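# Need coordinates for the following:
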Amino acid sequence: MSLPILALVAATLLPQPASAGCSRAIRVPASPTGYSVIVQGNSVSGVIPDTLRELGAKAGCTFEFPVMPRARMAFQFLESGQADLMVPASRSADRDLRATFVPMMKWKVELISLKARKLAAHSVQALLAQKNLRGVVVRSYSFGDEYDALLRQLEAERRIDYADDLASVGRLLKAGRADFTVMAPAIFMSSLNADPAAQALLAQLAYQPLAGLPMTESGAYVSRRSLQAADQRALHALLNEASRGVLWRYFQQYYPPDMLRFAVVPH
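Numbering: from 1, shown residues only. The predicted structure is shown next:
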């Protein structure tokens, strides 16, 4: 055997450095979230999945997007440990206790109602003071600690209903079964715009800021329970990279300018 061949064989027997990327496919439950996560049957696309796929291909990480309702998605990530990433997700103190947050952007959160019944409430306290008003939100949604506190107060007064998805929130508002919702307008607008049966409702909606409800920090939660440390580090690096341009490019691709004004994305 020649010396070059011996050298090649010897090199293959030496310990090899660990490869970059993820050790296995990363499980990211998907629930319809406006243009951020678009679900059509079992096909998942939108800002977040497209960003993860592009950067994952470069970083050596692959992603699975099992489709499920938002409440089940939150349960699998926060309770059962069956999910590796929860994204998009707003930051809250409760979630910080269970997983590691990686900030990626900020959303404006506003009071949304029908123009025909536009509410005279410019603060959280003013909204709570109007005891005749009833709200509806998506089950398991959170837009920060102040939002969670508002929902707890409305729950205590039995003035809040929970829907399984954004389309259902729109139907309840249109039917007059709820007076308002509180959420990120761009997410709500894009969800209704993607549903032919709900598009007509868009022109009937009024949006107004609520004092006491700041912009919500949004990004991804990385599981400390289901992922080994190396995979956590790889995902942190990938998600940090997303906020440096790729994420904004996909936001511009999917969201029209009138919706982007509600978002602040580093770029």
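# My understanding was that S218 contacts F101; is that so?
No: counting by Cβ atoms under 8 Å, S218 does not reach F101; the two are 9.7 Å apart. All C-beta atoms are positioned from the backbone trio N, CA, C, and that covers glycine.
# okay, these two: which has more neighbours?
Relative neighbour count places S218 above the other of S218 and F101, with 24 against 19, counting by other Cβ atoms under 10 Å.
# Please identify which helix or strand holds that one.
Assigned by DSSP states H and E, S218 belongs to strand 216-223.
# about what we covered before: need the residues touching each of S218 and F101.
89, 91 (Cβ atoms under 8 Å, 6 or more residues apart in numbering).
# How about the helix or strand just after the strand holding S218, which residues are buried there?
Sequence order places helix 229-241 as the next helix or strand after strand 216-223, per DSSP H and E. Neighbour-count burial for helix 229-241, counted by 16 or more other Cβ atoms under 10 Å, picks out 231-232, 234-235, 238-239.
# For whatever helix or strand comes next after helix 229-241, name the packing helices and strands.
Next helix or strand after helix 229-241 toward the C-terminus (DSSP H and E): helix 247-254. Helices and strands touching helix 247-254, as assessed by 3 or more Cβ pairs under 8 Å, 6 or more residues apart in numbering; DSSP states H and E, comprise helix 47-59.
# Flag the shaky bits of the stretch 101-250 of the chain, pLDDT-wise.
For the stretch 101-250 of the chain, no stretch has pLDDT under 70.
# Would you map the strands across it?
Secondary structure of the stretch 101-250 of the chain (DSSP state E, counting those that start in this stretch): strands located at 110-114, 135-138, 160-163, 181-183, 205-209, 216-223.
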